[in-house]
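this is a predicted model, with the sequence first.
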Amino acid sequence: MRLRRLQLFDYRNINRLDVDLPGGLALFIGDNAQGKSNLLEAVYLLATMRGLRAETDAQLIRREALADVLPAARVVGEVETAAGPLKVEVAIVVRPGAQGPVATKTVRVNGAARRLSDAVGRLTAVLFSADDMEMITGSPALRRRYLDMTLMQVDPPYAAARGRYEKVLVQRNHLLKRLREGEARPDELAFWDGELSRDGALIFQRRAAALAEISALAAEAHASLAPGEVLAIEYAPRLEDGGAELAGVGVGELADIFARALERGLQRDTAAGMTRQGPHRDDVIFRLDHLPASGYASRAQGRTIALSLRLAEARYLLGRRGEAPVLLLDDVLSEMDAARRASVLLALRDMDQMLVTGTDWDRFPAEFVSGAALFTVEGGSVCPLVAAPAGPKTAGS
């Protein structure tokens, strides 16, 4: 799978962009806040239908374009796949609403309108960014998001169950608050508990199975990036009596376990006015040399763990789709010493297509740059180069 052409219109700080992309490596160099991250995130939007670093979809529209009569942004990707050519187009439009401007997102695949859920994963992509370090030290919600974004690209039943689960959870929590206030009866929960346990069981099972595979792949990737360090990743489901070994448990059995757990926890849930267990409260634990990475890993080690996780994700998606995803690496070498940078670049040499950003040409050795398509990024504009403007350092420098 290769992204051959990318077009952006009024996306973030980019006014107009139309760039042809090669297979293999494309290297984008520019100062901070010029649009490098926006470029990669636009590709990730085409894969996942989700905007990053934005509280609302309206924030994806170029600020100057918000003054237009009908503010809009558009991202278009032309992709070469094993099944034939693919064109994915995402549009974000802002219209007036009763409570203020409302942004809507629409998608077309090969010219035909599609639901967002049907377009997820037509193009598969893996994005590494500096924000990934927050997965190691930040809230569990970030780690759950990682699992969701990975699985939704290759597992439509998971994506459907995840969407239904969130809607049912809202209804159950609303009913729990009414129970606490004496405005509802406990038997009114039966329907919602059944729905929640059914979809929750599938989410538990798919997450456990995926993370078991990704954990092994990440440990292998980390061993090549940081020889001598041992990485382990553990799934921590929020399910009483479920344990962590859920990958081999059938969905039906898991649904029964979850339903019984919801029944036993009813008194606590009612007092809290919320559902206190379920996949919406899962976590993922990272251990480095058998110690919690969140408390013991340095920044460089945390960055290496996050990159190992993304490389494992790429191999997982390859195994599920039979085609390698587009690998998006945003300032991947920052905060790494020369030895760790060399190990990272060596691990990347066999990837099918990579879009890599950086702030300095001399962070990349000559042998890495020699076969790459080179671009500069400045003020939201992307310009191709014939050669790097300065001689890069060698791998050992």
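Received it, and whenever you're ready, just let me know what you need.

which parts of the stretch 201-350 of the chain are helices?
Remark: helices assigned in the stretch 201-350 of the chain by DSSP state H, counting those that start in this stretch are 251-264, 266-272, 293-296, 299-321, 338-347.

nearest to residue 226, of those?
Nearest to residue 226, of all these, is helix 299-321, at 5.2 Å by CB to CB. (C-beta placed from N, C-alpha, C; glycine too.)

gap between that closest one and the chain center?
Mean-position distance between helix 299-321 and its chain equals 11 Å (CA atoms, centre = their mean, to the nearest Å).

returning to what we had before: and the helices of the stretch 201-350 of the chain, which one averages the lowest pLDDT?
The minimum mean pLDDT among the helices of the stretch 201-350 of the chain belongs to helix 338-347 (a mean of 82).

and the end-to-end length of stretch 363-381?
This stretch, stretch 363-381, spans 22 Å end to end (CA to CA, to the nearest Å).

what comes up buried for it?
For stretch 363-381, burial by neighbour count (16 or more other CB atoms under 10 Å) applies to 363-365, 368-369, 372-377, 380-381.

quick one: that stretch to chain centroid distance?
Counting by CA atoms, centre = their mean, stretch 363-381 comes out at 24 Å from the chain centroid.

what's the answer for stretch 210-224, then?
Worked out by CA atoms, centre = their mean, stretch 210-224 lies 17 Å from the chain centre.

again with stretch 151-158
13 Å.

Provide the contact partners of it at residue level.
Stretch 151-158 has contacts (CB atoms under 8 Å, 6 or more residues apart in numbering) with 47-48, 117, 120-121, 124-125, 159, 162, 202-203, 206-207, 210, 317, 320-321, 325.

so which bits of it are buried?
So for stretch 151-158, counting by 16+ other CB under 10 Å, buried means 151-155, 158.

span of it from start to end?
Stretch 151-158 end-to-end distance (CA to CA) = 7 Å.

state the mean pLDDT of it.
On average, stretch 151-158 scores 95.

give me the most central residue, this protein.
residue 149 (4.5 Å; CA atoms, centre = their mean).

which strand in this protein has the most residues?
strand 84-95 (DSSP state E).

continuing past that strand, what's the next helix or strand?
Later in the chain than strand 84-95, the nearest helix or strand by DSSP states H and E is strand 102-109.

any idea which of the helices of the stretch 201-350 of the chain is most buried?
When the helices of the stretch 201-350 of the chain are scored by mean count of other CB atoms under 10 Å, the highest mean neighbour count falls to helix 299-321 (a mean of 22).

tell me the spacing between the nearest residue in space to residue 266 that is not next to it in sequence and residue 192.
Among residues not flanking residue 266 along the chain, residue 186 sits closest, at 6.7 Å (CB to CB, 6 or more residues apart in numbering). With the distance defined as CB to CB, to the nearest Å, residue 186 ends up 11 Å from residue 192.

who has more neighbours, these two?
Using other CB atoms under 10 Å, the more surrounded residue of residue 186 and residue 192 is residue 192, with 20 against 13.

would you check that that one makes contact with residue 173?
No. Taking CB atoms under 8 Å as the definition, residue 192 is not a contact partner of residue 173, at 9.4 Å.

how about residue 165, nearest residue that isn't a chain neighbour?
For residue 165, the spatially nearest residue (CB to CB, 6+ apart) is residue 199, at 4.3 Å.
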